[in-house]
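In: Pasting a predicted model and its sequence here:
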Amino acid sequence: MGKSSKDKRDVYYRLAKEEGWRARSAFKLLQINEDFNLFEGVKKVVDLCAAPGSWSQVLARKLRGGDVKNDDVKIVAVDLQAMAPIPGVIQLQGDITKKSTAQEIISHFEGEKADLVVCDGAPDVTGLHDIDEYIQAQLLLAALNITTHVLRTGGTFVAKIFRGKDVTLLYSQLRIFFPLVAIFKPRSSRNSSIEAFVVCQNYSPPAGYIPNMSNPLLDHKYDTDYNNLEGPNRVIVPFLACGDLSGFDSDRTYPLNLEDGKDYVYHPPTQGPIKPPYEEACQLRKTDQLAKVVDPKKASSESSDKSKGDTTTKGSSIDSLPDCLDEDLEFDPSEQDVLEDLTELQIG
Amino acid sequence: MEQKHAIQGDFMTGPVTALHTVGDNIVLAGIGSYLHSFVISEQKSNSCLLVLPCRCIHGIREFTNETDVHTFAVFGEKCVTVVDYHSAAQSGKNGGPLDHSDYSITITTRAQMTEFEDWIWDAVFLKPKDSCHLALALGHNSVILWDWKHARLVEKVSCVESCILYCAKFINTQWDCLILAAGTVFNEILLWSPKGQRSQSGHVNVIKSLKGHQGVIFSVDFSHQKQMMCSASDDRSIRLWQFSFDNHSNLHETEIPLESWENSSYTCVHVLYGHSARVWDVRLLTCKLVSVGEDSTCCVWNYEGDVLQKFKGHRGKSIWSLSVDEKERYVVTGGGDASVRLWYLSSRSERSNYITQSLQLQQTSSEKEDDYPRSVSLLSYNEIIIITNKGFLYLHDIEKERWLTLMNDPDYRSYTVMSVAPAQQSCVVLGNIHGKLRIFLAEGSQPVWKSKDWNIYDGKIMSIHWLSGTRLLTTGPEGGIKLWNFDVDTLNLELDEQYILPECKQRWVSAASLSHGSLICGDRGGTIHIYQLGSEFRNPSQSFPKIHGKTGVTNIICHKGNVYTSGRDGCYRVFSHDDGHMTLLNTHRVYKGFEWIDKLQIADDGADYHIFGFQSSDFVLWSVNRNQKLLQIPCGGGHRSWDCSFRGDHFRFVYQKTREVVVCDTRLEQNQLKLKNALHGREITCVKILDANTEGCIVATGSEDTSVQISAIRCNEFGVKEIVCLEHLSGHISSVRALSLSPSSKDSINKKSTLMFSAGGRAQLLVWRLTIRDSTSIVTENLCMHMIGQTQKKGKTRMWKLQQIKLNPETRFMDLSSVQLSSVWSDFPAHLHLLASACSDAFVRFYIFTEEKKELIPFLESSLHEHCVLKVCCLKRQCGSDSVIYILSAATDGCIAFWKVNKKDIHETVKKFSQPNLDNRIFETCSFVKCDIHESSANNFNLREDLLDKESMWGVLPSNHKQHILKSDDRNDSQCSDEGQVSNKEQDSGMSVANMESNSSKENSIQRTKHVFFMKHHQSGVNGLDYIHLQDDDYLIASGGDDNALVVTSVRINSEGVKVITTGSYLCAHSTEITGVKFLSPSKLISVSIDQRLILWSVNITESRIQLQQMSCKFVCVADISNIDCQKLNNDLFTVVISGEGLATCQIHGI
Ligand SMILES: C[S@@+](CC[C@H](N)C(=O)[O-])C[C@H]1O[C@@H](n2cnc3c(N)ncnc32)[C@H](O)[C@@H]1O
């Protein structure tokens, strides 16, 4: 596959590189902002699950303008993964479901409150939908819990959500804290993707609610009256698609020449991932050093003078069984997107 | 709720997410909400029970081993239940042979399903047994003590670290010393005990936290015997941790007390990398460990960190579950491909168990010096026959190590072709450079070798093939093929027939076979020829030029009326053969990288194919059915003279290597048993019912794994519904996204024959013919392949340059819909079909398919939508001579367009196509006729018929759609919107597309004026679209969207155009995107969604509104639902098939 084939398949991937964003996710936040005017009057923001940092880039550009030293503005970005620095963004590394991480974030807002909390958190999906959706929901709830500590009353919370089988249980939890909850799908999220964003406005915790760090917020259960599993009653949140239809369609295959008279130029990814979990394994794989089936006899059959008991041929010679991942390359990577953004830029 | 309208789930399959072996012969598997039981000796499921309604099973834990009853905790998501398993088997009662009833079992629920507040990662029955206590490990690192008999919560303890876990594993079985090893997202394994020290907050402190992994922890296991822990992670490694417990000297005790854990120390002794993707699960055994992962392999390791065995066979992505029997004889794995496979854990490594020996030719006399073998063959399992460069023919008995020189003839120096007869008798034939043929035949039990010579050509004998024990085929100079009858008793050779092999580079027959009065030959140029026996014509009656590429046909065999050919292009092909005429049915590529295929064998009576060949420097035997290499022998590469033979499961492979002959002995280890068959390796994107009755159905499924599969769903002998693959179709190079069916012109009452169109990524579309023989077999035929932008020319396909630039090869076909033209206009022949397609490059493309010519004719196209088109649906309007076809198309912008197709236009296109010499340019320069469009007026949906300048390309784009922002308390009332959300013409948008196309539109020799009608029904993508005829000119259109809304519109279609009468919508019909809608009747509709609900709606139409009411809702345990299809079985019964991450069928009655 040529370098440009990904560009052909995914217009937002390509635009992200052209415009200097670290991930195509940037467009999602920009598009949410177009419809909800998120950043108006906003000075202090928490960006949860921020790596590789395109949302932080957007926030920094929008809130600070060109001014890195604007003291009023505070952007705190958190992720499990290390992130390359962005001027004017405070970066923390940690698990947002962990108490210590949450406390660290809160400590940056001593005495003051955030105007906006955004969370683009998603696990590296496994492929088992129930687990992936559960974990994603827990990220959202952990973000909500952090939000209850740092968000000012009337503030806004925007979070990625997987629209899966139990999504209504999350809606009902969110409704407790926000009178206005909408589910929004930016044009840059694919039609086939289960991701969407909840935009929760006008933070108003129930009277007497005391934020609690020690016990996790959990999602609700199905019941018989309000939110049933197979019955007609379900918590409903209005769905909104991005209003601007003239923008690019993330599902459409565009020709490489988007505009007449402007030739297509390949752009390399803006910022590669920093030390991803699979780094070492990939290195070993590339250099063909993954462990192979040991084969004592084989060594002896090739050179008859070698003793037969020699079993320590670790990582040696041929293992030409069909390599599943090589066959994987046959598949269209863009076709398996659930949450494509990160891996996309990594593949590049 | 009244259950008059019942939806009943009757079958589902999908990822196998839990496994547990019971005793020697039973495996329990969790598939969706169902607990299945498999009998290993029968390789069948003998029972299936819904145990966790609306949840997916993730774990099975055993309680006791009382005589006949086993008790299990089955858990998944936030739920747990306890079941009993009774086996009726007093195995082999009366001493007689076992029959099915001996394996019949019953599974009953002991404790009702209970739902907890959080995800359950592990469960363990605690001791003492009579306490009825079950410990559960929950998602945010807490433990619950549950009295399952009395459904009572005894205690809940949380760890101070309340982060989310990805796995947890209990160690020990008594509450007092219970340890939880919890795997976090942030690289750590936390060890803590519910009885451990509490902090002020009342939460329990962590005893140890094991650091080192670089990613999420997916699995942990602990071995008491070894005092070792192992962990698997996102970082693709497995780590082995050695513990030492100071004050715990007694290793035999299975429970390690809490204090010992507190005082323990540990070191990471191994970091193992063996999987090429993430590792999902790992298990410690007595002297091995077993791991499974995302790369679909199962690795067996020793404690030194060597990989002993690698099991590969699961299709596609991920092995999800793993179990090892108590005696550690086998591993059972369950995959994302829905299969359950059993692998024998043998002590030796798969590939260490062959013995090679090389035979040296005796070089005693000077004559024999410097001699070397030219060709080898196996006469029998024990006898090798070798012809040497100097013209010696040796017979070597491998067991007795005896050599016999059969011949020493300078006439056979430097060049000899040799062939061994297939039958029982020992018979070898040689041909030399002068055209001499010599047959050697052994007679008697103490064999006496006789030989006889014939001069059969004036020149070199190029090749010799035995077609049977008495028939021989030879090729001589200038393609002279001779077919001989050989009489073994009289040693008489008689010329039977003569043919000519057409000219080619190395002009000789490389493979041949006889089938029903025809001779089928393959040549070195990859061509296959058919000759008629007993005919005076010497030339082939039919040829498939270079069908196996340029590299040669290697093998031809006949089996059950079909002909199978293989070649060095890495493919084998299947042909049907009737009355001397062959038709290519299918092409199968074995696997990437395995190009050199030398031989094909039908195994297990047609249930499997064995493929022999060479992959890089190894000899490989591949089993198609098992999707596995049965053998792999390093031999330095292909292109050698070789032979092989079986004796039982012993396998002997001989080959010639420069100056020696190598004999390699091995055992064919059938180390894999399939307990449950695979479906697809990736998500199923589309499904169609081919045939259905009350017993079961036959379905076609397309998948992201790039294949299409035809399967039967029916009961097995235990009465358990199962899915059986009838045909696995490869041929797509990217994921398959859409299927459409149409009756074939070959369809008849006793032979149901259907055309199937399949399409998907990389702009590729394929046409197949499927003929159902009976419920167990189907004949499939690949009729045609099309890529957008490719034009057809007689015999060849070529890309037209300009088109190639314009058309993006990454274009995906998103949907298909087809109509047999004769079903609308009776004067059309039965072999013509209209095919509509939705494409990701914003085009709708219409084709005409002629089944007779097997050609797809581009007909019309338009980029009206300007957005990725997601759905198409052909609407037949039948009214005598005025019949027309309307095509509905819908895109990611939520708009639905109507297109009209006239009889006249089709006629013209077909006519033009059938006169190729008339104007080939039409098809070469522009494969589509441009479709000009009329916009609908904005508000009243009436159709205007403006005529537009043919060169002005434009699109209609809705721009000012209204947003429905609902207040948050606005829930689930059916909204009737009659304010039209209609399109406005917007001339300037989409000009870039228009400009791009104006080139080709200028070259169009034909223009069309099309009626179009446009309505905006959804805020974003339309993923479900269907119609039904209401009455007279009125039709109902249903659409389901990404915006969760379901919209039903009644439209009037007549000669004046299309007009909307009423519309009704249910804005929050589902809680997530709707991915399929189908009408059962004008008053009943079903819809499915990613929310995994199947909803039955009633449609009430009044003058002013359409009202939708939910009648029944059913949870479907297939994730990521992509599509539905349904078929009426009788007046009161429908079968519904649902595809996604698996497949489910339901029955709906009471309509
Ligand atoms: C879709 S990416 C975010 C992309 C980011 N918004 C941007 O624009 O560049 C999701 C991120 O969630 C992070 N994540 C997942 N689980 C987390 C957790 N428990 N704590 C913190 N971050 C987490 C992942 O590391 C990943 O970087």
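Out: On my side now, so go ahead. Numbers count the residues shown, from 1 in each chain, chains lettered A, B, ... in the order given.

In: Who are the contact partners of B:G313?
Out: By C-beta atoms under 8 Å, 6 or more residues apart in numbering or on different chains, the contact set of B:G313 is B:R341, B:R626, B:N627, B:Q628, B:Q672. To be clear about C-beta, it is placed using only N, CA and C from the backbone, and glycine gets the same treatment.

In: Is it possible to get CSV of the residues you listed that adds distance to B:L285 and secondary structure?
Out: Putting the contacts of B:G313 into CSV (distance: C-beta to C-beta, whole Å; DSSP: H, G, I helix; E, B strand; the rest coil) gives the following:
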residue, distance to B:L285, secondary structure
B:R341, 18, strand
B:R626, 24, coil
B:N627, 25, coil
B:Q628, 22, strand
B:Q672, 19, strand
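
In: what residue ranges in the stretch 151-300 of chain B are flagged as low confidence?
Out: Residue ranges of the stretch 151-300 of chain B with pLDDT under 70: B:247-253.

In: Which positions in it make contact with the ligand?
Out: When proximity is defined as C-beta under 6 Å from any ligand atom, the stretch 151-300 of chain B approaches the ligand at B:V185.

In: How about the stretch 151-300 of chain B: which residue is closest to the ligand?
Out: Relative to the ligand, the nearest point of the stretch 151-300 of chain B is B:V185 (4.6 Å; C-beta to the nearest ligand atom).

In: Near the ligand, which residues of chain A are found?
Out: A:22-23, A:25-26, A:49-55, A:79-81, A:95-97, A:120-123, A:139, A:339, A:341-342.

In: nearest spatial neighbour of B:D281, skipping sequence neighbours?
Out: Nearest residue to B:D281 in three dimensions, chain neighbours excluded: B:S219, at 4.5 Å (C-beta to C-beta, 6 or more residues apart in numbering or on different chains).

In: isn't B:A151 right up against B:Q112?
Out: Yes: contact criterion C-beta atoms under 8 Å: B:A151 and B:Q112 qualify, at 6.9 Å.

In: For the residue most central in space within chain B, grab phi and psi.
Out: The centroid of chain B falls nearest to B:H680 when counting by C-alpha atoms, centre = their mean (3.5 Å). B:H680 has phi and psi values of phi -120, psi 150 when expressed as degrees, to the nearest 10.

In: what's near enough to touch the residue lying closest to it once chain neighbours are set aside?
Out: Nearest in space to B:H680, with sequence neighbours left out and distances taken as C-beta to C-beta, 6+ apart, is B:S703 at 3.7 Å. B:S703 sits next to B:H680, B:G681, B:R682, B:E683, B:I684, B:T685, B:Q709, B:S735, B:V736 when contact means C-beta under 8 Å, 6+ apart.

In: right, and the helix or strand after the helix or strand where B:F898 lies?
Out: Element membership of B:F898, judged by DSSP states H and E, is strand B:895-901. Going down the chain from strand B:895-901, the next helix or strand is helix B:903-914, by DSSP H and E.

In: how much space is there between B:I40 and B:S323?
Out: Applying C-beta to C-beta, to the nearest Å, the value for B:I40 to B:S323 is 12 Å.

In: mind giving me the domain split of the chain?
Out: With no chain named, the answer covers chain A. A:5-256, A:282-305+A:314-342 (automatic domain parsing).

In: um, chain B though
Out: According to automatic domain parsing, the domains of chain B span B:116-243, B:734-912.

In: Help me confirm that B:F1134 is found in a strand?
Out: Yes: assessed by DSSP: H, G, I helix; E, B strand; the rest coil, B:F1134 belongs to a strand.

In: Now do the same contact list for the closest residue to it other than its chain neighbours.
Out: Distance criterion C-beta to C-beta, 6+ apart; nearest residue to B:F1134, sequence neighbours excluded, is B:I1148 at 4.5 Å. B:I1148 sits next to B:H5, B:A6, B:I7, B:Q8, B:L1080, B:I1086, B:L1096, B:C1126, B:L1133, B:F1134, B:V1136 when contact means C-beta under 8 Å, 6+ apart.
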